[in-house]
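Could you work out the structure for the sequence below:
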Amino acid sequence: MNQIEKTALTGIGGTTVMTASSYLMSLLADENFREPEHLEVLIGRLAPHLSKKAKVLAGWGAHFAMGFVFASVYVEMWESKKIKHNLRNGLLLGLISGVLGFLIWKATFKVYPLPPWLNFDHYYLQRIPAHVVFAVGATITYRLLEKEDSQ
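Reported below is the predicted structural model:
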């Protein structure tokens, strides 16, 4: 399997478990931490002429595209042997990615003319554990792909 395929599958794996955890946290906290929905709102306000379906697809597409971006960095580091693809490093990548995700969302909402209504402090705080879940999911996915490649 080539690096692009590994990156795509790693990004899908990490993004899927992250999204599931955000949906679960939304239910538990009774707040909206669902990234694709917030992206849908942002996209919809920039392009109000889009259909509801197009906005939903764009929100999910943007969410998975960011997962691909994060995964591409992880996979490059793993493939080049800069770091090992173990759980400890996955947690560390998640913490770093969480801080970066927090900063990206904060900057996005700050410059956006009409951000969605939400409790920003709670949303920003939830970004770090969400990205830890992403990184652990990405690490596990990559490890499974590596195991399959070696067989």
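
does residue 12 count as helix, strand or coil?
Counting by DSSP: H, G, I helix; E, B strand; the rest coil, the backbone at residue 12 sits in helix.

Tell me how far it lies from residue 62.
Between residue 12 and residue 62 the computed distance is 14 Å (Cβ to Cβ, to the nearest Å). (Glycine included, C-beta is placed from N, CA and C.)

Mind giving me the packing neighbours of the longest helix seen in the chain?
When the chain is parsed with DSSP state H, its longest helix is helix 120-150. If you count contacts as 3 or more Cβ pairs under 8 Å, 6 or more residues apart in numbering; DSSP states H and E, helix 120-150 packs onto helix 3-29, helix 52-79, helix 87-111.

Throw those helices into JSON lines and include mean pLDDT, thanks.
Shown next, in JSON lines, are these (pLDDT from 0 to 100):
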{"stretch": "helix 3-29", "mean pLDDT": "97"}
{"stretch": "helix 52-79", "mean pLDDT": "97"}
{"stretch": "helix 87-111", "mean pLDDT": "92"}
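
could you dump those to a markdown table with mean neighbour count and distance to residue 140?
Shown next, in a markdown table, are those (neighbours: other Cβ atoms under 10 Å; distance: least, Cβ to Cβ, whole Å):
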| stretch | mean neighbour count | distance to residue 140 |
| --- | --- | --- |
| helix 3-29 | 18 | 7 |
| helix 52-79 | 18 | 12 |
| helix 87-111 | 16 | 8 |
